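Asks: Provided below for reference: sequence and predicted model.
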Amino acid sequence: METSNNVSTELQALVSRLKRGTSGIVPANGLEEKLAKAEKMGKPLNIKLGLDPTAPDIHLGFAVVLRKLRQFQDAGHQVIIIIGDYTALIGDPSGRSATRPMLTAEEINANARTYVDQLSVILDREKTLVRFNGEWLGKLDFAETVKLASRMTVAQVLQREDFANRYATHQPISLHELLYPLAQAYDSVAIEADIEMGGQDQTFNILAGRELQKEMGQDQQIGLFMPILVGLDGVKKMSKSIGNYVGIRETPDSMFGKLMSISDTMMRDYYILCTDVPEEEIAALLKQAETGETNPKDVKRRLAREIITIYHGADAAVQADNEWNRVHSAREIPTDMPEFSLTQAGLTEEKIWICRLLAEAKIAKGTGDARRLIEQGGVSLNGEKVTNVKADYSQEALIGVVLKVGAKRYLRLAK
RNA sequence: GGGGAGAUUCCCGAGUGGACAAAGGGAACUGACUGUAAAUCAGUCGCGUUACGCUUCGGAGGUUCGAAUCCUCCUCUCCCCA
């Protein structure tokens, strides 16, 4: 027997859970209203997320939004993923400083499949509806498109920071890029979205959806924004193409290493957005790190364990932690490292020049680069620093040897 | 349609006939320090077994002993006017 009072307390708890980490909700009280409405009507909300099928590897930055969607699913709402197969023909200009390349149909389809596979790591596949926006956008004829376009003004579009910047710095902006927000807005109309999720860089597109829904006489969706997770470099948005990312399917060891390399100031965001550690506890941990009560390194290790636990389980997380500690604090060589086959690389001669070896192993860009690394004291074989740039080794002498370059690159040489 | 500006090595950006493989900054990499954090310092940063050679400055030709720099054509971009 639930009293109405209980229901509202539950709703309150849900609202605060859903609001964790969000960087904005438009309109401010929209979430409560939508949830209350859903409850009253006994109908789940349509939660929309649009995906551009360009970079099919899901990383922690992307997971921020997906994890939020999962919370909605767990609360019984309908998640609708829209694969922007049609809009990929345009290329989302959001946050971009240059025109995105257009994709071919094959690339888009391949990417879309990969996406759907990977989404299920975080989302409940059974409760996820996947649609392609070519389904409705492909049916619009030119007249309808122009009519849609008439609902937005150039000034509105140019208000966007990314466009404004490009315009101000005399970068080219193609006309078709201006149509992107409109297409995305039309997606919201097509599926009658109640909530559209997105990173902060989606603000304009999502608000355009509200406008268009209003024009078409629909209930307006609310915009639920998540902050952009800063990548490992601490500067730019986490992204595959920049390479500053942690993929959710990476090995625990790799994730651990990458997470330990983020700067201290980034810990808060990562804790809030990438883990389920309660907010009060996060605050306490960070405070300890700041006062020196706990070594900040250990607070970061905890962060890495928390994240890895989500994707690989607690045991794997502890193991990765141990391994990391062994290699980086105790300075022992890693248990696992990539192998490099000399024979496969064609290094079978009696005399193998060390620079050639580094180049073939792709550890150096070429022998000139390898020479520099050695001259700078960055290369060692079985822990012994290589000092002679002209050194030759026989294949026999190299087999089983651990090649170390720089602080973190290890390779075990094999036949 | 008319007029003007521009395209330089991963990015930004200097360089207007020889001293330019090309200033400076950023990124990146190596070393020192350290908590594989940040900050700082030193070095490297087109290719090559490297005190020497080779290939670069949007593309194709040309002038010259010599071209990133001058000329011609082409491609692309930005600005102003209509």
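Replies: That came in fine, so what should we check first? Numbers count the residues shown, from 1 in each chain, chains lettered A, B, ... in the order given.
Asks: residues from the stretch 101-250 of chain A in reach of RNA strand B?
Replies: With C-beta under 7 Å from any atom of the strand as the criterion, the stretch 101-250 of chain A meets RNA strand B at residues A:167, A:170-173, A:233-234. In short, each C-beta sits where N, CA and C put it, glycine included.
Asks: Buried ones among those residues?
Replies: Neighbour counting over these (16 or more other C-beta atoms under 10 Å) leaves A:Ile173 as the buried ones.
Asks: Low-confidence ranges, chain A, go.
Replies: Counting by pLDDT under 70, the ranges of chain A that qualify are A:1-7, A:55-56, A:89-103.
Asks: Which single one of the residues of the stretch 101-250 of chain A next to RNA strand B is nearest to A:Val379?
Replies: Distance to A:Val379, by C-beta to C-beta, is smallest for A:Asp233 among those, at 25.4 Å.
Asks: Regarding the closest one, what is its secondary structure?
Replies: With DSSP: H, G, I helix; E, B strand; the rest coil as the basis, A:Asp233 sits in coil.
Asks: so how many other residues sit close to the nearest residue to A:Gly378 once chain neighbours are set aside?
Replies: Spatial nearest neighbour of A:Gly378, excluding adjacent residues (C-beta to C-beta, 6 or more residues apart in numbering): A:Gly406 at 5.1 Å. Residue neighbour count, defined by other C-beta atoms under 10 Å, stands at 12 for A:Gly406.
Asks: and the helix or strand hosting A:Arg412, which residues are buried?
Replies: Using DSSP states H and E, A:Arg412 falls within strand A:409-414. By neighbour count on 16+ other C-beta under 10 Å, the buried set for strand A:409-414 is A:410-413.
Asks: One more: stretch A:323-333?
Replies: A:323-324, A:327-328.
Asks: Take the residues you listed and keep only those in helices.
Replies: Among those, DSSP state H puts A:323-324, A:327-328 in helices.
Asks: and the residues you listed as JSON lines, adding distance to A:Met152?
Replies: Shown next, in JSON lines, are these (distance: C-beta to C-beta, whole Å):
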{"residue": "A:Glu323", "distance to A:Met152": "53"}
{"residue": "A:Trp324", "distance to A:Met152": "51"}
{"residue": "A:Val327", "distance to A:Met152": "55"}
{"residue": "A:His328", "distance to A:Met152": "53"}
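Asks: which of the residues you listed are close to RNA strand B?
Replies: Restricting those to those near RNA strand B - C-beta under 7 Å from any atom of the strand - leaves A:324, A:327-328.
Asks: Nearest to RNA strand B among the residues you listed?
Replies: The closest of these to RNA strand B turns out to be A:His328 (C-beta to the nearest atom of the strand; 3.8 Å).
Asks: any idea how far A:Tyr180 is from A:Ser174?
Replies: 10 Å (C-beta to C-beta, to the nearest Å).
Asks: Show me which of the two is the more surrounded one.
Replies: A:Tyr180 (22 against 12).
Asks: My read is that that one contacts A:Ala208, right?
Replies: No - using C-beta atoms under 8 Å, A:Tyr180 is not in contact with A:Ala208, being 9.4 Å away.
Asks: What segments of the stretch 101-250 of chain A are helices?
Replies: Ranges of helices in the stretch 101-250 of chain A, per DSSP state H, counting those that start in this stretch, are A:105-119, A:134-137, A:142-149, A:154-159, A:161-168, A:175-178, A:180-191, A:203-215.
Asks: With just CA atoms, put the fourth one into CSV.
Replies: Extracted as CSV, the C-alpha positions of helix A:154-159 are listed here (Å, rounded to 0.1, in the frame of the first residue of the first chain):
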residue,chain,number,x,y,z
VAL,A,154,20.3,33.1,-39.8
ALA,A,155,20.9,35.3,-36.8
GLN,A,156,19.7,32.5,-34.5
VAL,A,157,22.1,30.1,-36.1
LEU,A,158,25.0,32.5,-36.1
GLN,A,159,24.5,33.1,-32.4
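Asks: So which elements touch that helix?
Replies: If contacts are counted by 3 or more C-beta pairs under 8 Å, 6 or more residues apart in numbering; DSSP states H and E, helix A:154-159 sits against helix A:161-168.
Asks: How about the second one?
Replies: For helix A:134-137, the contact count by 3+ C-beta pairs under 8 Å, 6+ apart identifies helix A:180-191 as packing neighbours.
Asks: Let me know the angle separating the helix it packs on from helix A:161-168.
Replies: 160 degrees (axes from the mean of the first three to the mean of the last three C-alpha atoms, to 10 degrees).
Asks: distance between helix A:180-191 and the chain's centre?
Replies: Centroid displacement of helix A:180-191 relative to its chain, using C-alpha atoms, centre = their mean, to the nearest Å, is 23 Å.
Asks: Mind listing residues that contact that helix?
Replies: A:46, A:48, A:50, A:80, A:82, A:84, A:86-87, A:90-94, A:131, A:133, A:135-137, A:140, A:148-149, A:151-152, A:157, A:193, A:196, A:204-206, A:208-213, A:216, A:218, A:221 (C-beta atoms under 8 Å, 6 or more residues apart in numbering).
Asks: I'd say the residue nearest to A:Gly378 and A:Gly377 touch.
Replies: No - the pair A:Gly406 / A:Gly377 is not scored as a contact, 10.3 Å apart, by C-beta under 8 Å.
Asks: Buried deepest among the helices of the stretch 101-250 of chain A, which one?
Replies: helix A:180-191 (a mean of 24; mean count of other C-beta atoms under 10 Å).
Asks: In CSV, list the C-alpha atoms belonging to it.
Replies: Extracted C-alpha coordinates of helix A:180-191, given in CSV (Å, rounded to 0.1, in the frame of the first residue of the first chain):
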residue,chain,number,x,y,z
TYR,A,180,21.9,20.4,-39.2
PRO,A,181,20.1,21.8,-36.1
LEU,A,182,16.9,21.7,-38.1
ALA,A,183,17.3,18.1,-39.0
GLN,A,184,18.0,17.2,-35.4
ALA,A,185,15.0,19.2,-34.3
TYR,A,186,12.8,17.4,-36.7
ASP,A,187,13.9,14.1,-35.2
SER,A,188,12.4,15.2,-31.9
VAL,A,189,9.1,15.9,-33.7
ALA,A,190,9.2,12.5,-35.5
ILE,A,191,9.5,10.5,-32.3
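Asks: looking at chain A, which residue lies furthest from center?
Replies: A:Glu350 (46.7 Å; C-alpha atoms, centre = their mean).
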